[in-house]
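> got a sequence here, can you model it:
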Amino acid sequence: MSIEKEGKLKSFLKRKDIEFSAKRYGIDALSAMAQGLFASLLMGSIMGTLGTQLGIPILETAGQHAQGATGFAMAVAIGYALKCPPLVLFSLAAVGGAANSLGGAGGPLAVLIVTVVAAECGKAVSKETKVDIIVTPFVTIFVGVGLSVLCAPAIGVMASSIGRLIMWATELQPFFMGVIISVVVGIALTLPISSAAICAALGLTGLAGGAALAGCCAQMVGFAVMSFKENRWGGLFAQGIGTSMLQMSNIVKNPRIWIPPILTSAITGPISTCLFEMEMNGTAVSSGMGTCGLVGQIGVYTGWVADVASGAKAAITGMDWAGLLLICFILPGILTWIFGQGLRKMGWIKENDLKLD
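Residues are numbered from 1 along each chain as shown. Purely as a prediction, here's the structure:
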């Protein structure tokens, strides 16, 4: 390609706000997809469970419709993150519905990949013709649905196969896989990427989902308790039921502050898989939510309820509740605080290293 043509292409992409980068696709789009999942599948699951347990039919109905909108919500959320023009954004609803449906168990990953391509193609043709209202939706939907038909089933099979492999390995080696999953997913939660979207894309449930939840809780509750001295009650709630991602700027300044919650996740993960055998049998996205809005814990509970209803589980026991409380709240707080105090005495964590802005 000549320098002149290359310059024109760069100018065109800049004008269309098409940016090929890991940040835009791997962080912005992925994080937005998680929000779409939360606002549809996850919220629908919570509302449906509440409706069933409390005997409120309208909640059950609302939950069913929310879950039915999962593909549409994910695609529109991704399009919003990619700064799509209105016609492209609205057209992505059809793309998300097709990709999620054809992707099967690995639908979320199919939606992410297909929507990104369709969105960028739609942006490329947007407002380039006098019949934009026809051309832009046509191109966006045609590309998206066409890719869904061609690729979504394969993407779905790949994602679900990886997820099943991880879950199978966890059942085979619960201790080692408990450590690995808990640490990796916990780290992903604190990084500016979406652990919830990753868990949803791979369909992580069962013991593996429980280990992922343990790792996320270790990060959120761990940072909340460890930094209580600097951030008091506001920081406790912001991190404990919000997100540990708030500590990211402090981690960049002093990576050693990340050691206590990571060590904690390496302990609570195998305790979850080996001792309490805590399983996430709710929606997979809940596995990567930790204590954010108590969504992870509600996911475990909805799994219990579903298992009891299906006969897979006789009843919800005291041991179940003890495991949930210890893994999600008590151990993360105690262990991270102990490790944090040790690092403070060693001088690795100094005054205000954990202070939030």
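> endpoints of stretch 265-278, how far apart?
Between the opening and closing residues of stretch 265-278 there is a gap of 15 Å (C-alpha to C-alpha, to the nearest Å).
> and for that stretch, what's in contact with it?
The set of residues that contact stretch 265-278 without belonging to it, under C-beta atoms under 8 Å, 6 or more residues apart in numbering, is 170, 174-183, 186, 207, 210-211, 213-215, 217-219, 222, 300, 319-320, 322-324, 326-327, 331-332, 335. All C-beta spots, glycine's among them, are computed from the backbone N, C-alpha and C.
> ok, stretch 132-152 next?
Identification of contacts with stretch 132-152 by C-beta under 8 Å, 6+ apart yields 75, 85, 87-88, 90-92, 94-95, 98-99, 102-103, 107, 110, 113-115, 117-119, 121-122, 125-129.
> same question for stretch 43-54.
Taking C-beta under 8 Å, 6+ apart as the rule, stretch 43-54 contacts 56-70, 282-283, 286, 295, 298-299, 301-302, 305.
> one more time with 7 Å, if that's ok
Outside of stretch 43-54, the residues within contact range by C-beta atoms under 7 Å, 6 or more residues apart in numbering are 57, 59-60, 62-64, 66-67, 282-283, 298, 302, 305.
> from residue 90, how far out is residue 121?
For residue 121, the distance to residue 90 (C-beta to C-beta, to the nearest Å) stands at 15 Å.
> neighbour count: these two, which is higher?
Higher neighbour count among residue 121 and residue 90: residue 121, with 19 against 15, using other C-beta atoms under 10 Å.
> element containing that one, please.
helix 107-125 (DSSP states H and E).
> helix or strand right after that helix?
Remark: after helix 107-125, the chain's next helix or strand is helix 132-172, criterion DSSP H and E.
> on that earlier part again, which members of the contacts of stretch 265-278 are classed as buried?
Neighbour-count burial within the contacts of stretch 265-278 applies to 170, 174, 177-183, 186, 207, 210-211, 213-215, 217-219, 222, 300, 320, 323-324, 326-327, 331-332, 335; the criterion is 16 or more other C-beta atoms under 10 Å.
> circling back to that earlier point, just the buried members of the contacts of stretch 43-54?
Buried members of the contacts of stretch 43-54, counted by 16+ other C-beta under 10 Å: 59, 60, 62, 63, 66, 67, 282, 283, 298, 302, 305.
> and which of those residues is nearest residue 239?
For residue 239, the nearest member of the buried ones among the contacts of stretch 43-54 is residue 298. The distance, counting by C-beta to C-beta, is 19.0 Å.
> got the phi and psi for that closest one?
Main-chain torsions, residue 298, degrees, to the nearest 10: phi -60, psi -40.
> try residue 323
For residue 323, the backbone dihedrals are phi -60, psi -40 (criterion: degrees, to the nearest 10).
> and residue 322, by the same measure?
Note on residue 322: backbone dihedrals following degrees, to the nearest 10 are phi -60, psi -40.
> so where is the stretch 1-150 of the chain shaky, pLDDT-wise?
The stretch 1-150 of the chain contains residues with pLDDT under 70 at 1-3.
> now do stretch 12-22: distance to the chain's middle.
How far stretch 12-22 lies from its chain's middle: 25 Å, per C-alpha atoms, centre = their mean, to the nearest Å.
> contacts for it next, please.
The set of residues that contact stretch 12-22 without belonging to it, under C-beta under 7 Å, 6+ apart, is 83, 120, 123, 124.
> looking at these, state which has the most neighbours.
Each of the contacts of stretch 12-22 was scored by neighbour count (other C-beta under 10 Å); the top score is that of residue 123, with 24 neighbours.
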